[in-house]
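Asker: Sequence and predicted structure, then a few things I'm wondering about:
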Amino acid sequence: MSTAQVTATATAAALASETPNAKIKLDGLQIDNVKSAQDVRVRIEDSFSTLASKTTAGADQAVEDLTGTSRIRRVQVTVKAGEQVQLGEEELKDVYFLGDMYHVEDVTEANCTIIAQYHTQ
């Protein structure tokens with residue numbers, strides 16, 4: 001099992017990178033907002049890109065519409081100031097990522113720590 005530890009940031013950043021022919025399984029998530037003075041909303045997202053060489057545009061759709069980076073929200077948790085939240089296997093049993101696993105928060109907060117445990121399948 002791998003572990004990633006980051007602080008809350010309003011700019012999307014990777015927690016784990018995509019592995020060819022495998023998916024990422026999120027096993028645990030701990031969000032420590034105990035030292036913070038503000039609430040933090042944490043979003044864990046699946047981020048993947050579609051290459052132009054792998055798409056076929058239809059009559060009404062340009063290839064550019066099919067390319068680029070997409071992110072799908074897999075987990076969202078709001079943690080109150082002064083609190084801590086832990087999600088384990090039961091809460092995350094069906095959470096998988098086909099691309100990179102990203103985190104993004106509604107605010108940048110140096111006192112909010114996010115720890116993700118995951119493995120690839």
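Answerer: Looks like it arrived, so ask away. As the structure is a computational prediction, the values presented were derived from the model and not from experiment. Residues are numbered from 1 along each chain as shown.
Asker: What residues does residue 40 make contact with?
Answerer: Contact analysis of residue 40 by C-beta atoms under 8 Å, 6 or more residues apart in numbering lists 8, 31, 33, 78-79, 105-107, 109, 112. Bear in mind the C-beta positions are built from the backbone N, C-alpha and C, glycine included.
Asker: ends of stretch 27-39, how far apart?
Answerer: By C-alpha to C-alpha, to the nearest Å, the extent of stretch 27-39 from end to end equals 24 Å.
Asker: Then stretch 88-104?
Answerer: Length of stretch 88-104, first residue to last, C-alpha to C-alpha: 20 Å.
Asker: for stretch 1-20, same thing?
Answerer: With C-alpha to C-alpha as the measure, stretch 1-20 spans 18 Å from end to end.
Asker: quick one: contacts of that stretch?
Answerer: By C-beta under 8 Å, 6+ apart, stretch 1-20 touches 24, 27, 33, 40, 42, 44-45, 47-48, 71, 97-120.
Asker: do that again at 6 Å, thanks
Answerer: 24, 40, 99-105, 107-110, 112-120 (C-beta atoms under 6 Å, 6 or more residues apart in numbering).
Asker: Just the buried residues from those, in ChimeraX please.
Answerer: The following ChimeraX line selects those of those that are buried, judged by 16 or more other C-beta atoms under 10 Å:
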select :24,40,99,100,101,102,103,104,105,109,112,113,114,116,117,118
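Asker: Which members of the contacts of stretch 1-20 occur in strands, if any?
Answerer: 24, 40, 100-105, 109-110, 112-120 (DSSP state E).
Asker: for this protein, what spans make up the strands?
Answerer: For the chain, the strands defined by DSSP E occupy 2-8, 13-16, 24-32, 40-50, 68-79, 84-87, 96-97, 100-105, 109-120.
Asker: what's the neighbour count on residue 33?
Answerer: 24 (other C-beta atoms under 10 Å).
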